[in-house]
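Participant: next input, structure requested:
(chains A, B and C)
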Amino acid sequence: MQPLARSFYLQGTLLAARALLGKTLVRRFDDGRIATGRIVETEAYTQDDPACHAFRGLTKSNKTMWGAPGHAYIHINYGLHYCLNAVTAPEGVAEAVLIRAIEPQENARLLWRNTFGEPPEEPTDDGAFDTLARADRRLTSGPGKLTRALKVDRAFDGTDLTSAAGALFFGDGDDDVPDAAVVTTTRIGITKGADFPWRFYVRASPFVSRR
DNA sequence: TAGACGATAGCCT
DNA sequence: GGCTATCGTCTAA
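Facilitator: Residues are numbered from 1 along each chain as shown, chains lettered A, B, ... in the order given. You can find the predicted model right below:
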(Lines give C-alpha, C1' and ligand atoms only; values in the text may rest on other atoms or scores of the structure.)
Protein backbone atom coordinates (compact mmCIF):
# COMPACT_ATOMS: atom_id res chain seq x y z
CA MET A 1 0.00 0.00 0.00
CA GLN A 2 1.63 3.21 -1.20
CA PRO A 3 0.87 6.41 0.71
CA LEU A 4 -0.88 9.20 -1.15
CA ALA A 5 1.71 11.70 -2.40
CA ARG A 6 1.85 15.17 -0.92
CA SER A 7 0.57 16.56 -4.22
CA PHE A 8 -2.72 14.77 -3.52
CA TYR A 9 -3.31 17.22 -0.67
CA LEU A 10 -2.79 20.23 -2.94
CA GLN A 11 -5.57 19.61 -5.46
CA GLY A 12 -7.95 21.85 -3.51
CA THR A 13 -9.77 21.08 -0.27
CA LEU A 14 -13.16 20.25 -1.79
CA LEU A 15 -11.61 18.02 -4.45
CA ALA A 16 -9.42 16.32 -1.86
CA ALA A 17 -12.43 15.65 0.38
CA ARG A 18 -14.21 13.97 -2.52
CA ALA A 19 -11.08 12.13 -3.65
CA LEU A 20 -10.38 10.66 -0.21
CA LEU A 21 -13.53 8.51 -0.48
CA GLY A 22 -12.44 4.95 -1.18
CA LYS A 23 -8.87 5.61 -0.03
CA THR A 24 -7.41 3.59 2.82
CA LEU A 25 -6.57 4.80 6.29
CA VAL A 26 -3.59 2.85 7.64
CA ARG A 27 -2.74 2.74 11.33
CA ARG A 28 0.40 1.01 12.61
CA PHE A 29 0.17 0.37 16.35
CA ASP A 30 3.08 0.37 18.76
CA ASP A 31 3.40 -3.43 18.58
CA GLY A 32 3.81 -3.22 14.80
CA ARG A 33 0.37 -4.58 13.94
CA ILE A 34 -1.57 -2.75 11.28
CA ALA A 35 -5.26 -1.96 11.00
CA THR A 36 -6.81 -0.45 7.89
CA GLY A 37 -10.11 1.06 6.93
CA ARG A 38 -11.80 2.38 3.79
CA ILE A 39 -12.77 6.04 3.98
CA VAL A 40 -16.49 6.46 3.32
CA GLU A 41 -17.35 9.92 4.71
CA THR A 42 -15.50 13.27 4.74
CA GLU A 43 -16.12 16.99 5.22
CA ALA A 44 -14.21 19.99 3.83
CA TYR A 45 -13.23 23.04 5.91
CA THR A 46 -11.67 26.05 4.20
CA GLN A 47 -10.01 29.20 5.43
CA ASP A 48 -12.89 31.50 4.47
CA ASP A 49 -15.45 29.12 5.97
CA PRO A 50 -17.02 30.37 9.23
CA ALA A 51 -17.28 26.78 10.51
CA CYS A 52 -13.52 26.25 10.18
CA HIS A 53 -11.46 26.54 13.35
CA ALA A 54 -8.97 28.69 11.49
CA PHE A 55 -11.59 31.20 10.36
CA ARG A 56 -10.63 33.61 13.15
CA GLY A 57 -6.93 33.22 12.61
CA LEU A 58 -3.94 31.38 14.01
CA THR A 59 -4.16 29.98 17.53
CA LYS A 60 -2.03 27.58 19.50
CA SER A 61 -4.38 24.66 18.92
CA ASN A 62 -5.04 25.15 15.21
CA LYS A 63 -1.49 25.91 14.13
CA THR A 64 -1.03 22.53 12.43
CA MET A 65 -3.75 23.49 9.97
CA TRP A 66 -1.65 26.50 8.96
CA GLY A 67 1.35 24.28 8.30
CA ALA A 68 2.41 22.03 5.44
CA PRO A 69 -0.14 19.89 3.55
CA GLY A 70 -0.35 16.13 4.02
CA HIS A 71 -0.14 16.31 7.80
CA ALA A 72 -2.69 15.26 10.42
CA TYR A 73 -4.61 17.96 12.28
CA ILE A 74 -6.25 16.60 15.43
CA HIS A 75 -8.74 18.58 17.45
CA ILE A 76 -10.78 17.82 20.54
CA ASN A 77 -14.42 18.71 20.69
CA TYR A 78 -17.03 18.58 23.40
CA GLY A 79 -14.04 18.06 25.66
CA LEU A 80 -13.96 14.34 25.02
CA HIS A 81 -13.75 13.39 21.35
CA TYR A 82 -10.76 13.56 19.04
CA CYS A 83 -11.32 14.36 15.36
CA LEU A 84 -8.87 13.43 12.59
CA ASN A 85 -8.25 15.80 9.68
CA ALA A 86 -5.82 15.97 6.78
CA VAL A 87 -4.29 19.38 6.02
CA THR A 88 -5.10 20.21 2.39
CA ALA A 89 -3.58 23.61 1.63
CA PRO A 90 -0.07 25.06 1.26
CA GLU A 91 1.77 26.35 4.29
CA GLY A 92 0.21 29.63 5.39
CA VAL A 93 -3.28 28.64 4.27
CA ALA A 94 -5.45 26.81 6.83
CA GLU A 95 -7.73 24.22 5.26
CA ALA A 96 -8.43 20.58 6.09
CA VAL A 97 -10.61 17.55 5.42
CA LEU A 98 -12.33 15.88 8.39
CA ILE A 99 -12.45 12.09 8.23
CA ARG A 100 -15.94 11.24 9.53
CA ALA A 101 -16.28 7.50 8.90
CA ILE A 102 -14.36 4.46 7.70
CA GLU A 103 -15.21 0.82 7.05
CA PRO A 104 -12.91 -1.48 9.07
CA GLN A 105 -10.88 -3.77 6.84
CA GLU A 106 -7.60 -5.38 7.85
CA ASN A 107 -7.36 -6.41 11.52
CA ALA A 108 -10.76 -5.05 12.47
CA ARG A 109 -10.57 -7.00 15.73
CA LEU A 110 -7.93 -4.56 16.98
CA LEU A 111 -10.44 -1.77 16.51
CA TRP A 112 -12.99 -3.80 18.39
CA ARG A 113 -10.60 -4.27 21.29
CA ASN A 114 -9.68 -0.60 21.36
CA THR A 115 -13.34 0.35 21.53
CA PHE A 116 -14.87 -2.25 23.82
CA GLY A 117 -11.88 -3.74 25.65
CA GLU A 118 -11.07 -7.39 25.12
CA PRO A 119 -13.54 -9.14 22.82
CA PRO A 120 -15.98 -11.51 24.57
CA GLU A 121 -14.17 -14.51 23.18
CA GLU A 122 -10.72 -14.61 21.65
CA PRO A 123 -11.17 -15.40 17.98
CA THR A 124 -9.52 -18.49 16.59
CA ASP A 125 -9.93 -17.16 13.10
CA ASP A 126 -9.18 -13.55 12.26
CA GLY A 127 -11.31 -13.65 9.18
CA ALA A 128 -14.43 -14.65 11.05
CA PHE A 129 -13.90 -11.96 13.65
CA ASP A 130 -13.20 -9.36 10.99
CA THR A 131 -16.51 -10.19 9.39
CA LEU A 132 -18.24 -9.61 12.70
CA ALA A 133 -16.43 -6.32 13.29
CA ARG A 134 -17.16 -5.14 9.77
CA ALA A 135 -20.82 -5.54 10.40
CA ASP A 136 -20.68 -3.55 13.61
CA ARG A 137 -21.27 0.11 12.92
CA ARG A 138 -20.39 1.08 16.46
CA LEU A 139 -16.67 0.94 15.71
CA THR A 140 -16.02 3.64 13.15
CA SER A 141 -19.26 5.29 11.99
CA GLY A 142 -18.39 8.78 13.23
CA PRO A 143 -15.38 11.07 13.71
CA GLY A 144 -15.07 10.51 17.46
CA LYS A 145 -15.61 6.77 17.19
CA LEU A 146 -12.99 6.15 14.55
CA THR A 147 -10.27 7.96 16.49
CA ARG A 148 -11.13 5.93 19.58
CA ALA A 149 -10.96 2.66 17.60
CA LEU A 150 -7.68 3.67 15.96
CA LYS A 151 -6.14 5.04 19.17
CA VAL A 152 -5.53 8.41 17.57
CA ASP A 153 -5.24 11.33 19.97
CA ARG A 154 -3.71 14.79 20.19
CA ALA A 155 -0.22 13.24 20.09
CA PHE A 156 -0.86 12.57 16.38
CA ASP A 157 -1.36 16.26 15.63
CA GLY A 158 1.25 17.16 13.02
CA THR A 159 1.96 13.57 11.90
CA ASP A 160 3.22 13.38 8.32
CA LEU A 161 0.62 11.37 6.41
CA THR A 162 2.84 10.65 3.41
CA SER A 163 5.28 8.27 5.12
CA ALA A 164 4.65 4.53 4.73
CA ALA A 165 6.87 3.96 7.77
CA GLY A 166 4.73 6.16 10.00
CA ALA A 167 2.09 5.19 12.55
CA LEU A 168 -0.66 6.81 10.51
CA PHE A 169 -1.03 7.46 6.79
CA PHE A 170 -3.49 7.43 3.92
CA GLY A 171 -2.93 4.73 1.32
CA ASP A 172 -3.79 4.74 -2.35
CA GLY A 173 -5.81 1.65 -3.24
CA ASP A 174 -7.54 0.69 -6.44
CA ASP A 175 -10.96 1.61 -5.10
CA ASP A 176 -12.14 4.53 -7.19
CA VAL A 177 -15.61 5.54 -6.10
CA PRO A 178 -17.67 6.73 -9.11
CA ASP A 179 -19.58 10.00 -8.86
CA ALA A 180 -22.87 8.12 -9.04
CA ALA A 181 -22.00 6.38 -5.76
CA VAL A 182 -21.23 9.62 -3.92
CA VAL A 183 -23.70 11.78 -2.02
CA THR A 184 -22.81 15.47 -1.62
CA THR A 185 -24.66 17.22 1.18
CA THR A 186 -24.43 19.64 4.10
CA ARG A 187 -22.11 19.15 7.06
CA ILE A 188 -23.06 17.73 10.44
CA GLY A 189 -23.09 19.38 13.84
CA ILE A 190 -22.20 22.96 12.91
CA THR A 191 -24.14 26.21 13.12
CA LYS A 192 -22.05 28.52 10.96
CA GLY A 193 -21.72 27.73 7.25
CA ALA A 194 -24.34 25.04 7.81
CA ASP A 195 -25.72 25.38 4.27
CA PHE A 196 -22.45 24.62 2.45
CA PRO A 197 -22.69 21.25 0.64
CA TRP A 198 -19.22 20.21 1.72
CA ARG A 199 -19.89 16.74 3.08
CA PHE A 200 -19.25 13.70 0.93
CA TYR A 201 -20.15 10.08 1.58
CA VAL A 202 -20.43 6.71 -0.14
CA ARG A 203 -24.15 6.15 -0.60
CA ALA A 204 -24.08 2.38 -0.12
CA SER A 205 -21.86 2.26 2.96
CA PRO A 206 -23.49 1.13 6.21
CA PHE A 207 -20.78 3.03 8.11
CA VAL A 208 -21.91 6.53 7.11
CA SER A 209 -22.54 8.42 10.36
CA ARG A 210 -25.89 9.92 9.43
CA ARG A 211 -28.01 10.22 6.27
C1' DT B 1 -9.58 34.03 35.49
C1' DA B 2 -14.58 33.39 34.64
C1' DG B 3 -17.90 32.25 31.29
C1' DA B 4 -19.54 30.41 26.98
C1' DC B 5 -19.33 27.14 23.50
C1' DG B 6 -18.56 23.32 20.58
C1' DA B 7 -16.63 19.64 13.29
C1' DT B 8 -20.01 14.11 19.33
C1' DA B 9 -21.91 10.01 21.12
C1' DG B 10 -24.88 7.38 23.80
C1' DC B 11 -28.72 6.76 26.45
C1' DC B 12 -33.57 7.69 27.17
C1' DT B 13 -38.46 8.04 25.73
C1' DG C 1 -36.28 12.76 18.35
C1' DG C 2 -34.55 14.86 22.77
C1' DC C 3 -31.20 15.43 26.42
C1' DT C 4 -26.67 15.88 28.37
C1' DA C 5 -22.03 14.43 30.01
C1' DT C 6 -17.68 16.70 29.96
C1' DC C 7 -13.57 19.76 29.37
C1' DG C 8 -10.18 22.13 26.29
C1' DT C 9 -9.95 26.42 24.19
C1' DC C 10 -11.01 31.09 23.14
C1' DT C 11 -12.53 35.59 24.50
C1' DA C 12 -13.23 39.47 27.29
C1' DA C 13 -12.25 41.75 31.31
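Participant: Three-state assignment for A:Arg100, please.
Facilitator: strand (DSSP: H, G, I helix; E, B strand; the rest coil).
Participant: not counting its neighbours along the chain, what's nearest it?
Facilitator: Of all residues not flanking A:Arg100 in the chain, A:Glu41 sits nearest, at 4.0 Å (Cβ to Cβ, 6 or more residues apart in numbering). All C-beta atoms are positioned from the backbone trio N, CA, C, and that covers glycine.
Participant: pretty sure the one you found is in a strand, no?
Facilitator: Yes - counting by three-state DSSP, A:Glu41 is located in a strand.
Participant: what about it, how many neighbours?
Facilitator: For A:Glu41, the count of nearby residues is 29 (other Cβ atoms under 10 Å).
Participant: go on, A:Gly158?
Facilitator: 15.
Participant: show me what contacts it?
Facilitator: Applying Cβ atoms under 8 Å, 6 or more residues apart in numbering, we find A:Gly158 in contact with A:Thr64, A:Gly67, A:His71, A:Ala72, A:Tyr73.
Participant: return the backbone torsion pair for A:Tyr73.
Facilitator: A:Tyr73 has phi and psi values of phi -110, psi 120 when expressed as degrees, to the nearest 10.
Participant: ok, it touching A:Met65?
Facilitator: Yes - counting by Cβ atoms under 8 Å, A:Tyr73 touches A:Met65, with 4.8 Å between them.
Participant: what do the two both touch?
Facilitator: With Cβ under 8 Å, 6+ apart as the test, A:Tyr73 and A:Met65 both reach A:Asn85, A:Val87, A:Ala96.
Participant: can you name the residue of chain A nearest to DNA strand C?
Facilitator: Residue of chain A nearest DNA strand C, by Cβ to the nearest atom of the strand: A:Gly79 (2.2 Å).
Participant: what kind of secondary structure is that residue in?
Facilitator: From three-state DSSP, the assignment for A:Gly79 is coil.
Participant: and the gap between A:Leu84 and A:Pro50?
Facilitator: 22 Å (Cβ to Cβ, to the nearest Å).
Participant: same check, this time on A:Ala44
Facilitator: Remark: distance between A:Ala44 and A:Pro50 (Cβ to Cβ) = 13 Å.
Participant: between the two, which is the more surrounded one?
Facilitator: Using other Cβ under 10 Å, the more surrounded residue of A:Ala44 and A:Pro50 is A:Ala44, with 26 against 12.
Participant: list the contacts of that one.
Facilitator: Contacts of A:Ala44 (Cβ under 8 Å, 6+ apart): A:Thr13, A:Leu14, A:Ala16, A:Ala17, A:Thr88, A:Glu95, A:Val97, A:Leu98, A:Trp198, A:Arg199, A:Phe200.
Participant: that one: what secondary structure?
Facilitator: strand.
Participant: for it, list each beta-bridge partner.
Facilitator: A:Val97 (DSSP bridges).
Participant: next: A:Thr185.
Facilitator: Counting by DSSP bridges, A:Thr185 is bridged to A:Arg199.
Participant: give me the neighbour count for it.
Facilitator: Per other Cβ under 10 Å, the neighbour tally for A:Thr185 reads 13.
Participant: one more: A:Ala5?
Facilitator: So A:Ala5, with other Cβ under 10 Å, has 11 neighbours.
Participant: same check on A:Leu139?
Facilitator: Neighbourhood size, A:Leu139 [other Cβ under 10 Å]: 25.
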